[in-house]
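Asker: here's a sequence, model it:
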Amino acid sequence: MNKLQAMEVFVQVVDAGGFSKAADNMQLPKATVSTLIQQLEAALSVKLLHRTTRHVSVTADGAAYYERCLQILTDVKEAEESLSRTRLSPSGRLRVESPTGLASEVLVPALPAFFERYPDIQLELGSTDRPVDLIEEGVDCAVRGGELGDSTLIARRIGMIHFVTCAAPSYIERFGTPEHPRDLTRHRCVNYFSAKTGKIYDWDFTRDGERIQVPMPGVIALNDSNAYVQAGLAGLGVIQMTDYLLMQHVQEGRMVRLLPDWTTDPLPVHIVYPQNRHLSAKVRVFVEWVAELFANHPGMRMRSPAQAYPEAA
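Answerer: As a prediction, this is how the structure comes out:
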C-alpha cells in the first residue's frame, strides 16, 4: 500500500462524502478507492468510516486522523513547491512583519523591484518595533534584528545591523561635542526602550580592546525607531541608532557623527518563520529577495565605520 496515496484517497472520500464521487475526482476506479481505504484501516487497526448503502460518514477516530492527514498532505505539497525551480511566478497572499525602520528605509523603497519580479504575490507588510507572535497573528515570516530568543522559529541570517552615535548640529552648538563615551553622562541622550519589557537599553562602545557599556541620562525615551531618529533631528539629545537610518542624515549635514574612533557591537538580522511550516514558494522567493537586497545595501553590508564614513578614517 502506498500510504501517502491512501491518505489522499481517505481525505477525498471524507470531503466528497462517498466513494464514487471521490473516485471520479481522483480519476481512479471505485474498487481501487475502496481497497485503499480497507488497507489503511487494516494498517491502523482502526475503523475510519461508517458505511451504509446510501451514505459514508467519518468515525471519531477517522475525524482525528483526517485532520492529521490534511496537515501532512499540505506539508508534502509545500515541501515539493519549495524544491521546485520551475514555478517561476509564485502567487497568493504573503504576510510579513518587519521592524519599523527596516520597513520604511530599506524594504519599502525596494518593493517596486520585488513586484516587477513577482507580480502575482499580494504582500501584506506590517511594520512595528514590538514583538510579533507569528503563529497567533497569522504571519508567514518576519525580519528581525538582534539575537533571537525564540528557539521554536526557523531562522536564516541575512545581514548585519551597524550602529552610529549622532547628534543634530543645533544640539552640538548648545552642548558641545563629547570626546569620550564617558562624556555622554554629562550630556542629554535620547534613550530607547524595549516594547516587550519596557527596559531602557544601555549603550556600548569599543575601541582597541577597551569596552564601555553605560546607561545614558535622558529626558525622553521612545520605542519606535523612526520617532527616535526624529527626536535626534529635533535636537533633543545624542542618539545611537542603526546606520541605515542615519547615514543619509549624516551625509547631508542634518546629523553629526560623534565618537568616530569608537564602534558599537553590530547585531545580526534574520528572517524567521514557524518550524511547522515548510518554506512555500512565495516565502522562499521573498527570503531570497531580502537576502539579496541586504547584501547590496550600503547600510547592511559595510564592515567598518570607515567604509561608510570615509572622513572618519
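Asker: which residues are in contact with the spatially closest residue to residue 201 that is not a sequence neighbour?
Answerer: Distances taken as Cβ to Cβ, 6 or more residues apart in numbering place residue 192 nearest to residue 201, at 5.3 Å, with adjacent residues excluded. For the C-beta atoms, the positions are set from N, CA and C on the backbone; glycine is no exception. Going by Cβ atoms under 8 Å, 6 or more residues apart in numbering, residue 192 touches 200, 201, 221, 222, 223, 225, 228, 240, 241.
Asker: so the second one sits right up against residue 190, yeah?
Answerer: It stands for residue 201. No - Residue 201 is not in contact with residue 190 according to Cβ atoms under 8 Å; the separation is 11.4 Å.
Asker: those two: which has the busier surroundings?
Answerer: residue 190 (25 against 14; other Cβ atoms under 10 Å).
Asker: what's the helix or strand for that one?
Answerer: strand 190-192 (DSSP states H and E).
Asker: what's in contact with the following helix or strand past that strand?
Answerer: Next helix or strand after strand 190-192 toward the C-terminus (DSSP H and E): strand 203-207. For strand 203-207, the surrounding residues in contact (Cβ under 8 Å, 6+ apart) are 165, 181, 184, 189, 211-216, 240, 259, 261-265.
Asker: among those residues, name the buried ones.
Answerer: 165, 181, 184, 189, 216, 240, 259, 262, 263, 264 (16 or more other Cβ atoms under 10 Å).
Asker: how much space separates the third one from residue 77?
Answerer: In this structure, residue 184 and residue 77 are 55 Å apart, going by Cβ to Cβ, to the nearest Å.
Asker: give me the most central residue, the chain.
Answerer: Nearest residue to the geometric centre of the chain (Cα atoms, centre = their mean): residue 142, 1.4 Å.
Asker: tell me which element the residue lying closest to that residue once chain neighbours are set aside falls in.
Answerer: Sequence neighbours aside, residue 97 is the residue nearest to residue 142 in space, at 4.1 Å (criterion: Cβ to Cβ, 6+ apart). With elements taken from DSSP H and E, the one containing residue 97 is strand 92-98.
Asker: now residue 300
Answerer: helix 298-301.
Asker: what does that helix contact?
Answerer: 105-106, 159-162, 242-245, 247, 269, 294-295, 308.
Asker: helix, strand or coil for residue 253?
Answerer: coil (DSSP: H, G, I helix; E, B strand; the rest coil).
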